[in-house]
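Engineer: from the sequence below, what's the structure:
(2 chains)
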2 protein chains.
Amino acid sequence: MIKVGIIGYGNLGRGVERALKQNKDMELVGVFTRRAPETVTTEGASAYTMDELAAYRGKIDVCILCGGSATDLPVQTPELTHTFNTVDSFDTHAKIPEHFAAVDKVAKENQTVSVISTGWDPGLFSLNRLYAQSILPQGETYTFWGKGVSQGHSDALRRITGVADATQYTIPNTEIIERLKAGEELTLTIRDKHLRECFVVLTDDADADSIREEIVTMPNYFADYDTEVHFISQEELNRDHKAMPHGGTVLHTGTTHENTKQVIEYNLYLESNPEFTASVLVAYARACARLANEQAFGAYTVLDIAPKYLSAASDEELRKELL
Amino acid sequence: MIKVGIIGYGNLGRGVERALKQNKDMELVGVFTRRAPETVTTEGASAYTMDELAAYRGKIDVCILCGGSATDLPVQTPELTHTFNTVDSFDTHAKIPEHFAAVDKVAKENQTVSVISTGWDPGLFSLNRLYAQSILPQGETYTFWGKGVSQGHSDALRRITGVADATQYTIPNTEIIERLKAGEELTLTIRDKHLRECFVVLTDDADADSIREEIVTMPNYFADYDTEVHFISQEELNRDHKAMPHGGTVLHTGTTHENTKQVIEYNLYLESNPEFTASVLVAYARACARLANEQAFGAYTVLDIAPKYLSAASDEELRKELL
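Structural biologist: Next up, the predicted model:
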């Protein structure tokens, strides 16, 4: 059995607890949290303070880090990798090289293994970009996200004065995707690829027109997109827009000889983004434990790990059943 | 530069020659054939007899084997792996374990590397089955093929007395695929998943009705499917049905907590099946050469190889550009 600790217990940590129940070769040791453990309602797992984690050295095979990329993981992953094998979902794309370097150093010095930046993007989408570009080097790769809820954009809406609550959906332009799949060569702007749809609850005294204007002109988040804004009640938002679906597409269109078109398409349709991300983390926790058993210490990303390490089945079974 | 030899020069061998031109880190040493070399028209490569291959020991980094799975590869891959690193597309699913064992023994004894059963199924589809099942263990995986030309089924048609020529298309049931993606749980028969469409040229004295009956009742090939038969002229067949498109879908529908649905879908749309398969072989030839450089001798399948080995880019570039 692979013994797992969950570090941080929000939506992602809860997803990991749920995913572990589907994997018979793994067992959950406990949830470690910065909150008072008695205030954390898990789905059965024991909750402990972060201070108690040190006592679990040698009793946990892999810690799955479920904090955020902005402030938690840049500190936590290197720190915990001193003592434990770790898996995280660090997703600030531009900072992955420095995060990797920091974690790799700690892992090699302390004979641990860390798998960073798992999940679906970075993660499964990265894998698909790599496979597709390696196989069809003469081609173009396009990544589309959605339809799904962007937490970052929803947060941006909620920071506006006069907005009580909000949910933002990122919507891929499916017509463009179909045209690319049909072999058209398109030069695409940001606006061509995605639409943004906002469901916004106003505070009592807010002015709808000025808030709509503030949203659609917000730099980085909305100004470069076609953005629809719907004002609804808190009751409607709670009823219809509190789930966390997401997904997306990695599309690679290439040519082999002359103009022979070849298309590779990878799609995810996710009813729960955090639960799916958690399931990816758990599969890579298995890989992490195996690499540690092989004493192959250091940091890894999904690009560095042979697919078979994700499965509980033996190499022989995989060759027989899955090839 | 990775120096490559092509062993066997049919559609697949020609595809490899074309694919190598798209990969700047690889160079083609020559084509080795059982035919008289002067009768082989390549696209620029020198052609040699199989007897001449032995003299290229140490001058070829990887031999890409482009023969058939029925009789060529079970003999050729173990034999050539005595002397060379090899890549093949052995695709008789049921015999992969024994082929692997035979090649692995030779490779370990002779300090070579062999990557067997690459291509797209087995190959990329196998990878996708493994990733999906490892991430969503509570779920079902479905593989659909087509729309595309099945060489095996076209050959079966051409063996019928009274058939001068023929092309068979395997057509996936897209309505079933959409229902599965929408979350329906379906128990599927062979007939539900694919249709078969045959374009047949008759000999002068052949009886269309009896041949149609012989086709649709042919065991293993057609009897279990809904099969359409169209009789056309050789001219029409040559004009409209001599390309080799193919493709397919690996669909995995899973659930995380309770009934939260998660769907992973991988699609290929290929205008040329042999050229795409050749492109996969070439990417794995790169992996093969790298594993040999690392002295990691033995046999491998796509499941055993870390994705980064397929790319010509450095680990640092991949982390920066693709994650």
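Engineer: pLDDT of stretch A:247-267, averaged?
Structural biologist: The average pLDDT within stretch A:247-267 is 96.
Engineer: from A:L268, how far out is the residue positioned nearest the centre of chain A?
Structural biologist: Against the mean C-alpha coordinate of chain A, by CA atoms, centre = their mean, the closest residue is A:G119 at 3.9 Å. As judged by CB to CB, to the nearest Å, A:G119 and A:L268 stand 11 Å apart. To be clear about C-beta, it is placed using only N, CA and C from the backbone, and glycine gets the same treatment.
Engineer: circling back: which ones are touching the residue nearest to the centre of chain A?
Structural biologist: A:89, A:91, A:277, A:280-281 (CB atoms under 8 Å, 6 or more residues apart in numbering or on different chains).
Engineer: between these, which is closest to B:R14?
Structural biologist: Of all the contacts of A:G119, the one with the least separation from B:R14 (CB to CB) is A:V280, at 39.2 Å.
Engineer: so which residues make contact with the helix or strand harbouring A:E316?
Structural biologist: According to DSSP states H and E, A:E316 maps onto helix A:315-321. By CB under 8 Å, 6+ apart, the surrounding residues in contact with helix A:315-321 are A:308, A:311, A:313, B:96-97, B:100, B:130, B:301, B:303-304.
Engineer: could you redo the last one with a cut-off of 10 Å?
Structural biologist: Helix A:315-321 is contacted from outside by A:307-308, A:311, A:313-314, B:93-94, B:96-97, B:99-101, B:116-117, B:122, B:126, B:129-130, B:133-134, B:299, B:301, B:303-304, using CB atoms under 10 Å, 6 or more residues apart in numbering or on different chains.
Engineer: okay, whichever residue of the stretch 101-250 of chain A sits closest to chain B: pLDDT?
Structural biologist: The nearest approach of the stretch 101-250 of chain A to chain B comes at A:S134, 3.8 Å away (CB to the nearest CB). Looking at A:S134, its pLDDT stands at 98.
Engineer: next up, the contacts around it.
Structural biologist: The contact partners of A:S134, taken as CB under 10 Å, 6+ apart, are B:23, B:279-280, B:282-284, B:286-287, B:307-313, B:318, B:322.
Engineer: please enumerate the helices of chain A.
Structural biologist: A:11-20, A:72-81, A:96-110, A:124-135, A:151-158, A:174-181, A:190-193, A:208-216, A:234-240, A:273-293, A:315-321 (DSSP state H).
Engineer: what about the residue of the stretch 101-250 of chain A closest to chain B, distance to A:T141?
Structural biologist: A:S134 is 11 Å from A:T141, by CB to CB.
Engineer: A:V62 against A:N293, yeah?
Structural biologist: No: the criterion here is CB atoms under 10 Å, and A:V62 misses it with A:N293 at 11.1 Å.
Engineer: list residues touching both of these two?
Structural biologist: Contacts common to A:V62 and A:N293, judged by CB under 10 Å, 6+ apart, are A:2, A:85, A:113.
Engineer: of the residues you listed, select the buried ones using a PyMOL command.
Structural biologist: The PyMOL command for the buried members of the shared contacts of A:V62 and A:N293 (criterion: 16 or more other CB atoms under 10 Å in any protein chain shown) is given here:
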select buried, chain A and resi 2+85+113
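Engineer: from the shared contacts of A:V62 and A:N293, which are also near chain B?
Structural biologist: Of the residues in these, proximity to chain B by CB under 10 Å from any CB of the partner chain holds for none.
Engineer: between the shared contacts of A:V62 and A:N293, which sits nearest B:T203?
Structural biologist: For these, the nearest to B:T203 is A:I2 (64.0 Å; CB to CB).
Engineer: I'd say the closest one and A:M26 touch.
Structural biologist: Yes: between A:I2 and A:M26 a contact is recorded at 4.7 Å, counting by CB under 10 Å.
Engineer: for A:E185, what are its contacts?
Structural biologist: For A:E185, the contact set (CB under 10 Å, 6+ apart) comprises A:140, A:179, A:253.
Engineer: neighbours of the first one, how many?
Structural biologist: Neighbourhood size, A:E140 [other CB atoms under 10 Å in any protein chain shown]: 15.
Engineer: could you do the second one as well?
Structural biologist: Burial measure for A:R179: 13 neighbouring residues, criterion other CB under 10 Å.
Engineer: report pLDDT for it.
Structural biologist: Looking at A:R179, the pLDDT reads 97.
Engineer: distance from the centroid: which residue in chain A tops it?
Structural biologist: A:E258 (37.6 Å).
Engineer: ok, it touching B:R18?
Structural biologist: Yes: A:E258 is in contact with B:R18 according to CB under 10 Å; the separation is 8.7 Å.
Engineer: if we can go back for a sec, between A:V62 and A:N293, which one's more packed in?
Structural biologist: A:V62 (28 against 12).
Engineer: beta-bridge partners for that one, please?
Structural biologist: For A:V62, the beta-bridge partners under DSSP bridges are A:V4, A:N85.
Engineer: in contact with it, which residues?
Structural biologist: A:2-5, A:26, A:29, A:84-87, A:112-115, A:281-282, A:284-289, A:292.
Engineer: likewise A:A285?
Structural biologist: A:2, A:4-5, A:16, A:19-20, A:23, A:26, A:61-64, A:85-87, A:115, A:118, A:310.
Engineer: shared neighbours, A:E258 and B:R18?
Structural biologist: With CB under 10 Å, 6+ apart, A:E258 and B:R18 have common neighbours B:E275.
Engineer: neighbours of the residue nearest to A:K308 when sequence neighbours are not counted, how many?
Structural biologist: Using CB to CB, 6 or more residues apart in numbering or on different chains and skipping the chain neighbours, the partner closest in space to A:K308 is B:L303 (4.6 Å). By other CB under 10 Å, 24 other residues sit near B:L303.
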